[in-house]
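# Coordinates for the following, if possible.
(one chain, ligands or ions: 1)
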Amino acid sequence: MSRESDLKRIGYLQKEIERHNRLYYQLDSPEISDAEFDRLMRELIELEAKYAGEIDVSDSPTRRIGAPPLDKFSPSAHLVPMLSLSNAFSGEEIIEFDSRIKRFLGRTEDIAYVVEPKFDGVAVNLMYADGRFTSGATRGDGFTGENVTANLRTIRSVPLRLRESREFPLPRRMEVRGEVYIRLEDFRKLNRRREEAGEPVFANPRNAAAGSLRQLDSRITSRRPLDLCCYGIGDIAGGASIRTQWDLRRALSAWGFPVSEHVRRVENVEGCLAYFRETEAERHNFPFEIDGIVIKVDSLDLQERLGTVSRSPRWALACKFQAVQETTVVEKIEINVGRTGALTPVAVLKPVRVGGVTVSRASLHNQDEIERKDVRVGDTVVVQRAGDVIPEIVQVVTSKRRPGSELFRMPEYCPVCKSRVVRLEGEAAVRCIDIACPAQLKENIRHFASRGAMDIEGLGDKLVSQLVESGTVRNPADLYRLDPEKLMRMERLAEKSSGNILSAIERSKNPPLEKFIFALGIRHVGEHISRILVKKFGSLDGIMNATEEDLAATEGIGGVIAKSLSGFFREPANRRVIGDLRNAGVKPLESAPVKGTALAGKTFVFTGTLPTLKRSEAKAMAEALGAETSESVTRRTDYVVAGESPGSKIDKARTLNIPILTEEGFLELLKK
Ligand code: IVH
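All right, here's what the predicted structure looks like:
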């Protein structure tokens with residue numbers, strides 16, 4: 001491919017991918033499959049890598065995956081301040097607002113308004129110059145916010161390049177205002193995932209959106225389901241002359257910004273009142289949280305004449321919905337044990353109807369939450385459904401507290417398996433770390449048998465569920481004591497496949513020690529840390545008997561990991577399981593694995609485009625055989641594997657006299 005046609009292709013792919021992003025995220029009408037989309041994306045990533053350093057990719061859709069973390073956010077001043085809205089809570093106040101405006105303008109005829117939902121998210125200011133997204137910030141104090149550009153770039157609905165419009169010529173420069181939020185469905189998925197991963201859950205979508213937008217590491221933001229909706233502008237220079245709020249929304253939409261489909265233009269205050277009533281009645285049917293409506297004078301001329309008073313515009317009003325709250329009594333506090341061992345307290349409530357739905361349970365999230373709200377058994381509490389169906393306890397009615405009530409404490413023992421629970425540093429969750437705890441067993445067995453761990457082929461999710469549910473497998477050691485007859489009787493398991501599984505189990509008895517350590521599923525101990533442990537301590541006993549101080553003194557192992565490790569190996573139930581595994585014939589290879597001798601401990605750097613392998617694949621292959629991989633060539637590099645357009649790394653390798661391999665040479669080395 002010639003350079004010229006590559007560059008053309010890059011331009012085409014960037015545009016095309018953004019078009020598909022828009023179709024998918026804003027218009028909800030994708031034209032191509034996810035797989036096809038991924039193919040386009042991969043092609044673009046590779047092409048851009050080929051011309052790395054030569055072309056500007058700062059607003060390419062490939063940048064939506066995030067950038068290296070920042071130390072802190074820099075301040076970013078808004079060109080036009082971001083005002084706040086005056087609040088109202090009733091229809092009367094809407095009528096007063098309308099009268100105030102007429103009085104101020106000396107008018108008696110009707111005023112037309114634009115009415116819209118009030119999003120419950122995080123306000124942002126997006127800067128565009130010559131149709132390109134240049135920077136973005138949070139609201140901050142209204143004058144200066146935090147520069148969160150890298151994070152905003154990862155949000156698929158933030159347009160990086162604007163579209164031309166015949167009706168509304170693009171301004172040279174403008175600030176666009178909108179709200180970053182998370183849809184309820186995405187919010188629930190996000191929390192479910194966090195719960196499964198043992199991470200603290202977010203209390204509500206707004207907190208989740210705010211927390212995600214304020215990540216110093218934009219790669220984390222890129223994995224959060226953030227959305228954007230635009231409703232206004234700040235500074236604007238050149239381009240379209242827009243005369244009404246309604247046209248502003250049309251222009252934003254034409255330029256490619258996501259706008260709300262729920263916005264209406266009404267002729268007078270009666271229209272505002274009707275919209276307020278309808279939206280309040282519908283609020284629970286919105287796919288995201290709204291906490292009211294916003295009313296804006298439609299004419300921008302009138303907006304200007306009305307001006308602002310004490311940092312709020314006279315031409316706009318937020319009218320909030322009544323929160324749907326009820327009081328009820330906490331009958332007891334139960335503890336749920338999640339799949340990763342996190343203990344979650346849940347208040348069991350005397351059933352009460354809140355906003356049309358019966359509420360009988362509310363999560364109290366974790367120890368900190370309970371302490372903060374001081375919820376006790378027998379307490380009368382205020383429960384609320386905000387825009388959401390997820391009920392929460394807002395506060396305790398302390399005046400109704402029964403004398404003699406006791407502060408709730410998280411249990412010291414797991415309610416499921418009765419082993420002692422721990423609270424790891426920096427975590428909100430108290431968790432059970434017993435590897436054989438029934439609440440976590442399926443997940444632990446799956447992990448134990450998985451590819452990077454004991455690698456037991458054929459032991460899939462379904463079979464694991466059957467084995468655990470039937471009580472056949474109560475801990476990982478039971479896998480090595482399976483009765484062939486019993487296994488065959490398991491649902492849908494033919495003689496042959498049960499034989500295959502048994503021999504796969506048999507074959508897994510001598511894994512490299514690092515895979516065994518990884519298989520134990522110790523919190524914070526992944527493949528990398530497992531390798532470090534084996535290198536430092538050499539044997540299973542060495543690792544098991546290392547003190548927390550020994551562990552923490554190991555290069556690459558921090559205090560949190562050291563605590564987690566020593567806690568795990570101190571737990572008698574876990575020592576018992578390891579003993580059982582040994583008795584069942586599991587004997588990890590304590591010296592370097594035979595298979596990987598040529599590569600074990602060697603450091604590889606991959607650069608350029610390889611002819612057949614993707615870089616990530618080549619890396620994974622090397623790591624699987626015990627090699628380390630790195631991004632930069634240093635004196636400690638053992639091999640550089642170079643493909644087409646390898647860039648400066650190859651020069652460095654030559655200077656340092658480091659062997660340079662082709663893909664072919666690399667594959668040869670793997671075979672050894
Ligand atoms: S207009 C000068 N429209 O409410 C007014 N704001 O209290 C500029 N908000 O910080 C805001 N939905 O975060 C406007 N449809 C909407 C909104 C909205 C939510 C938020 C925004 C702002 C706050 C003002």
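# Could you tell me which residues make contact with the nearest residue to Ser60 once chain neighbours are set aside?
Excluding the flanking residues, the one nearest Ser60 by Cβ to Cβ, 6 or more residues apart in numbering is Gln14, at 5.1 Å. (Glycine included, C-beta is placed from N, CA and C.) Listed by Cβ atoms under 8 Å, 6 or more residues apart in numbering, the contact set of Gln14 reads 44, 60-61.
# which SSE is whichever residue of the chain sits closest to the ligand in?
For the chain and the ligand, the shortest gap (Cβ to the nearest ligand atom) falls at Ala123, measuring 3.1 Å. Taking DSSP states H and E as the criterion, Ala123 maps to strand 122-129.
# if I read this right, Val394 contacts Gln384, doesn't it?
Yes. Contact criterion Cβ atoms under 8 Å: Val394 and Gln384 qualify, at 4.8 Å.
# Can you work out which residues contact both of the two?
Common neighbours of Val394 and Gln384, using Cβ under 8 Å, 6+ apart, are Gln325.
# Name the residue in the two with the higher neighbour count.
Between Val394 and Gln384, Gln384 has the larger neighbour count (other Cβ atoms under 10 Å), namely 20 against 15.
# Would you mind measuring from that one to Ile293?
The spacing between Gln384 and Ile293, counted by Cβ to Cβ, to the nearest Å, is 19 Å.
# Same question for Met544.
For Met544 relative to Ile293 (Cβ to Cβ), the value is 62 Å.
# Same drill for the two, tell me which one is more crowded.
The residue with more neighbours, out of Met544 and Ile293, is Ile293; 26 against 17, by other Cβ under 10 Å.
# Tell me the bridge partners for the more buried one.
Judged by DSSP bridges, the bridge partners of Ile293 are Pro117, Cys319.
# need the residues of the stretch 101-250 of the chain near the ligand, please.
With Cβ under 6 Å from any ligand atom as the criterion, the stretch 101-250 of the chain meets the ligand at residues 116, 118-119, 123, 139, 179, 231-232.
# And the average pLDDT for stretch 119-133 is what?
The average pLDDT for stretch 119-133 rounds to 95.
# Only the buried residues of it, if you could.
For stretch 119-133, the neighbour count (16 or more other Cβ atoms under 10 Å) marks 119-128, 131, 133 as buried.
# now do stretch 77-85
Within stretch 77-85, the residues that count as buried by 16+ other Cβ under 10 Å are 78, 81-83, 85.
# Render the CA-only coordinates of the longest helix anywhere in the chain in CSV, please.
Criterion DSSP state H: the longest helix present in the chain is helix 3-25. Only the C-alpha atoms of helix 3-25 are listed here, as CSV (Å, rounded to 0.1, in the frame of the first residue of the first chain):
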residue,chain,number,x,y,z
ARG,A,3,1.6,6.1,1.8
GLU,A,4,-0.9,8.2,0.0
SER,A,5,-3.6,5.6,-0.2
ASP,A,6,-3.0,4.6,3.5
LEU,A,7,-3.5,8.2,4.6
LYS,A,8,-6.7,8.4,2.5
ARG,A,9,-7.9,5.2,4.1
ILE,A,10,-7.2,6.5,7.6
GLY,A,11,-9.2,9.6,6.9
TYR,A,12,-12.1,7.5,5.5
LEU,A,13,-12.0,5.1,8.4
GLN,A,14,-12.0,7.9,11.0
LYS,A,15,-15.1,9.4,9.5
GLU,A,16,-16.8,6.2,8.9
ILE,A,17,-16.2,4.9,12.5
GLU,A,18,-17.5,8.2,13.9
ARG,A,19,-20.6,7.9,11.7
HIS,A,20,-21.2,4.4,13.1
ASN,A,21,-20.6,5.6,16.6
ARG,A,22,-23.3,8.2,16.1
LEU,A,23,-25.7,5.7,14.5
TYR,A,24,-25.2,3.4,17.4
TYR,A,25,-24.9,5.7,20.4
